[in-house]
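Enquirer: what shape does this take:
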Amino acid sequence: MNVAHLFLLITVSQGFIFGFAILFSPFYKSQVNNYLGYAILVLASLMLNVYLDAIDVFVKYPKFMILYDIEWVFLFPVFFFLYFLKSINHDLGKSKKLFWLYMPFIFSVVINVIFNLEYAYSWKYKELVYDLIFDFQELGYYSFNFILVIWSYKILKEEKYRMHPNSRWLKKLCVWIFFLVTSWIIIDIIDMIFNIGYEIGISIICTVASVFVFWVVYYGIYTLKLTNDQKNIISDVNNGTLHVNLTEVHDNTQQKVPTNTSASFSGDNRYFLKLENLLQNDHIYRDPNLSQEIIAKLLNISSGYLSQIVNDITKKNFTVYINSYRVKEVKDMILNAEFDKYSLLAIGLEAGFKSKTTFYTSFKKETGLTPSQFRSKNKKVPIF
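Expert: Numbering: from 1, shown residues only. The predicted structure is shown next:
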């Protein structure tokens, strides 16, 4: 076995191992992560086809050539794109129009099946027609990969998704896939111009693919776990609905008060009591997009008036006051053995914090300890 074949075998093996691990391991398993697992398995299958071709399997068993001819590479960007959309809860992820993303792959299957069935026959313009179709197909899988990766990255640049917890990880994933596809195209071009040889080209491609898969697993191991943690925490929290229907809450408040006042306030202020009820019973602080303006609208008072009430009664500004509820919930979950299996960041995000930095800063300001120090001080949690 030469070096190129060894590289191929290593890439194929690790791709299938990690792909199936994401799909079936409790540590990774989630509906969102499944799409990333599918993408890695497609990449491993592509490398397997190259390996089988390199050791002449398709020459010995020509009936299996159809597996090599079908461009599975059309599925790789589709699964990646679906993983991307699901990770940020993009509205497009629920659209039935996403089915059209599979059309290039279906086209490839149909064309290659027909071509292989007609292999034993011939007609005058057959080769010319198929050459044109396959040239178009080759151009298609290059451009299709680029289009979906660039589209994904462009979505992440939108204001709505810039601060999403998965944004940084997904941006790096986009860059890596762009680099992977670019490397593949450059090597193909160099081979056509300089004829560098099959073994050198394959070795480079496999090296890049291997590093990519390792990076996805080892860099993404925490991020993947985090995606699963957040979904599981939702089902484990028993304190009420995590995501409050703010419209319904707003409907229950009808009276309007002056937008400003110089009066001082006490803890029995009716608007403060309503605010406390929203926080303690409806847990509206769990909404990471909650703002002073939103709560003021719920209470039918002005934002400035709400600020005066909170500052005067709690001696805290609005943000610190809301974050104090989030910190309390995080502390409660840390002290609850049912949440030992979840990461601290996953717990913080589900309590309503919008980012890791805000979570850690607010928690330390409120308790004098970082979340990990608080956990270590109050209980012993096995480290895996």
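
Enquirer: verify the stated contact: Ile185 with Tyr142.
Expert: Yes. Between Ile185 and Tyr142 there is a contact at 5.9 Å, judged by Cβ atoms under 8 Å. Placement of C-beta: from N, CA and C, glycine included.

Enquirer: neighbour-wise, which of the two wins?
Expert: Per other Cβ atoms under 10 Å, whichever of Ile185 and Tyr142 has more neighbours is Tyr142, with 15 against 12.

Enquirer: tell me the gap between the helix or strand hosting that one and the middle of its chain.
Expert: Following DSSP states H and E, one finds Tyr142 within helix 126-156. Distance of helix 126-156 from the chain centroid (Cα atoms, centre = their mean, to the nearest Å) equals 24 Å.

Enquirer: and that helix, what does it pack against?
Expert: helix 75-87, helix 103-117, helix 167-194 (3 or more Cβ pairs under 8 Å, 6 or more residues apart in numbering; DSSP states H and E).

Enquirer: average model confidence for the helix or strand that it is followed by?
Expert: Following helix 126-156 in sequence order, the next helix or strand is helix 159-162 (DSSP H and E). The predicted model assigns helix 159-162 a mean pLDDT of 78.

Enquirer: ok, and what's touching helix 159-162?
Expert: Contact with helix 159-162 is made by Ile88, His90, Ile155, Leu156, Ser167, as judged by Cβ atoms under 8 Å, 6 or more residues apart in numbering.

Enquirer: which one of the residues you listed is nearest to Gln280?
Expert: Ile88 (30.4 Å; Cβ to Cβ).

Enquirer: contact partners for that closest one?
Expert: Counting by Cβ under 8 Å, 6+ apart, Ile88 has contacts Ile155, Leu156, Tyr161, His164, Asn166, Ser167, Leu170.

Enquirer: top of those residues by neighbour count?
Expert: Leu170 (22 neighbours).

Enquirer: against Trp184, how distant is that one?
Expert: For Leu170, the distance to Trp184 equals 21 Å [Cβ to Cβ, to the nearest Å].

Enquirer: please apply the same query to Tyr68.
Expert: 17 Å.

Enquirer: in the stretch 151-300 of the chain, where is pLDDT below threshold?
Expert: 165, 197-199, 220-267 (pLDDT under 70).

Enquirer: quick one: the helices in it?
Expert: Along the stretch 151-300 of the chain, the segments classed as helices by DSSP state H, counting those that start in this stretch run 159-162, 167-194, 198-236, 246-251, 270-280, 292-299.

Enquirer: I figured Leu156 hits Val175, correct?
Expert: No. Using Cβ under 8 Å, Leu156 is not in contact with Val175, being 10.8 Å away.

Enquirer: what about Ile202, how many neighbours?
Expert: Number of residues near Ile202 (other Cβ under 10 Å) recorded here: 23.

Enquirer: and for Leu273?
Expert: 11.

Enquirer: how much space separates it from Ser30?
Expert: The value you get for Leu273 to Ser30, if Cβ to Cβ is used, is 40 Å.

Enquirer: equivalent analysis for Val217, please.
Expert: On the measure of Cβ to Cβ, Val217 and Ser30 end up 15 Å apart.

Enquirer: likewise Asp268?
Expert: Going from Asp268 to Ser30 by Cβ to Cβ gives 46 Å.

Enquirer: if you count what's nearby, which of these two comes out ahead?
Expert: Ser30 (20 against 8).

Enquirer: what's the closest non-adjacent residue to the spatially most central residue of the chain?
Expert: In the chain, the centroid-proximal residue (Cα atoms, centre = their mean) is Ser87; its distance is 3.1 Å. In space, and not counting its chain neighbours, Ser87 is closest to Asn166: 4.7 Å by Cβ to Cβ, 6 or more residues apart in numbering.
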